[in-house]
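Engineer: this is the structure alone, sequence omitted:
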Ligand SMILES: [Zn+2]
């Protein structure tokens, strides 16, 4: 009779599901990336999602995993008792953690050591949005990842489309186009869709993964949306003026308006948030920095 293999799992699926199963820091980082992806996805969904399960797929998966992990780590902790507050117990609770607690406080996850000193949060306030750290985590990149690799990951679907048509070199023209035109009026967008970019017709490119209609929050009460003179992206109304979403943009503290678009002229579109913040803003602010050396280089933020 054969001896059981020493490699055979010593737990059952039932045990794993009830106790959280084997867990290591690599898995913890994977869960953290799912949290970041959830924040990024929710940030661009229209409001009024139901405050009850089932949530959007990634959100539901990650909250299930975190609740399971918390129950495994702190079995003695009933709601509101000793372990209460040690880990998030639902989606709104998780989002509050993202907003209120720096990553070094996420001890329930037991993340790899390099996160021990990270004092950034996943959600920034004023204006409320995913932090640059959150965006990077959602793509599995960090501050040491070369910019070219960051761009490849953020634009993978577009890059693949150019490869499939045998026009790999056209991607550079596409990249330059979105940096030049990150915000377009509905009319300009419709007109641009008639012409090839880098030798490929827009209908053969995943344009819906690149441009998205502008959310109401970017419009003033007068129905106007304004672009930033430095990073080229849309400003956010603040009081009677504007502010920029990009932390290191000069318009964050003193907004400089470039173009004004009116909602009545057709719903404008802008590139999706990861492209805005990880490709367009660094490129445009870097160009601005070369003209005015006192502006902090965006490389430090990537
Ligand atoms: Zn700006």
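Structural biologist: Cool, got the structure. A quick note: this is a predicted structure, and the numbers were derived from the prediction, not measured.
Engineer: mind checking how far stretch 136-145 is from the chain centre?
Structural biologist: How far stretch 136-145 lies from its chain's middle: 11 Å, per Cα atoms, centre = their mean, to the nearest Å.
Engineer: an error on my part: the question was meant for stretch 85-97.
Structural biologist: Centroid separation for stretch 85-97 versus its chain: 19 Å, with Cα atoms, centre = their mean.
Engineer: what parts of this protein come near the ion?
Structural biologist: Counting by Cβ under 5 Å from the ion, the chain comes close to the ion at 228, 230-231, 244, 246, 249, 251. (C-beta placed from N, C-alpha, C; glycine too.)
Engineer: which of these sits closest to residue 203?
Structural biologist: Nearest to residue 203, judged by Cβ to Cβ, of these is residue 231 at 29.1 Å.
Engineer: and which of the residues of the chain next to the ion is nearest to residue 60?
Structural biologist: Nearest member of the residues of the chain next to the ion to residue 60, counting by Cβ to Cβ, is residue 246, at 30.7 Å.
Engineer: could you double-check that the closest one sits in contact with residue 285?
Structural biologist: Yes - Residue 246 is in contact with residue 285 according to Cβ atoms under 8 Å; the separation is 7.2 Å.
Engineer: overlap in contacts of these two?
Structural biologist: Common neighbours of residue 246 and residue 285, counting by Cβ atoms under 8 Å, 6 or more residues apart in numbering, are residue 231.
Engineer: among the residues of the chain next to the ion, name the ones in strands.
Structural biologist: Counting by DSSP state E, those place 228, 244 in strands.
Engineer: now render the residues of the chain next to the ion as a markdown table, adding neighbour count and pLDDT.
Structural biologist: Formatted as a markdown table, these follow (neighbours: other Cβ atoms under 10 Å; pLDDT from 0 to 100):
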| residue | neighbour count | pLDDT |
| --- | --- | --- |
| 228 | 29 | 96 |
| 230 | 24 | 94 |
| 231 | 28 | 96 |
| 244 | 27 | 95 |
| 246 | 26 | 92 |
| 249 | 27 | 93 |
| 251 | 24 | 93 |
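Engineer: domain ranges for the protein?
Structural biologist: 13-122, 147-300 (automatic domain parsing).
Engineer: I'd say residue 274 and residue 40 touch.
Structural biologist: Yes - the pair residue 274 / residue 40 is scored as a contact, 6.9 Å apart, by Cβ under 8 Å.
Engineer: neighbour count winner among these two?
Structural biologist: A count of neighbours by other Cβ atoms under 10 Å puts residue 40 above the other of residue 274 and residue 40, at 22 against 19.
Engineer: for that one, pull up the helix or strand it's in.
Structural biologist: Per DSSP states H and E, residue 40 falls inside helix 25-43.
Engineer: show me what secondary structure element comes after that helix.
Structural biologist: Using DSSP H and E, the first helix or strand after helix 25-43 is helix 57-73.
Engineer: how far off helix 57-73 does the following helix or strand past that following helix point, in degrees?
Structural biologist: Beyond helix 57-73 in the direction of the C-terminus, DSSP H and E gives the next helix or strand as helix 91-100. For helix 91-100 against helix 57-73, the angle by axes from the mean of the first three to the mean of the last three Cα atoms, to 10 degrees is 90 degrees.
Engineer: report the buried residues of helix 91-100.
Structural biologist: 91, 94-95, 97-98 (16 or more other Cβ atoms under 10 Å).
Engineer: quick check, nearest of those to the ion?
Structural biologist: residue 98 (23.4 Å; Cβ to the ion).
Engineer: who's in contact with the closest residue to the closest one other than its chain neighbours?
Structural biologist: The spatial neighbour of residue 98 that comes closest, neighbours along the chain excluded (Cβ to Cβ, 6 or more residues apart in numbering), is residue 122 at 3.9 Å. By Cβ under 8 Å, 6+ apart, the residues touching residue 122 are 35-36, 39, 98-99, 103, 130-131, 133-134, 137.
Engineer: including pLDDT and distance to residue 290, could those residues go into a markdown table?
Structural biologist: Below are the contacts of residue 122 laid out as a markdown table (pLDDT from 0 to 100; distance: Cβ to Cβ, whole Å):
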| residue | pLDDT | distance to residue 290 |
| --- | --- | --- |
| 35 | 94 | 36 |
| 36 | 95 | 31 |
| 39 | 93 | 32 |
| 98 | 95 | 35 |
| 99 | 96 | 35 |
| 103 | 93 | 32 |
| 130 | 94 | 28 |
| 131 | 93 | 26 |
| 133 | 92 | 26 |
| 134 | 95 | 28 |
| 137 | 94 | 29 |
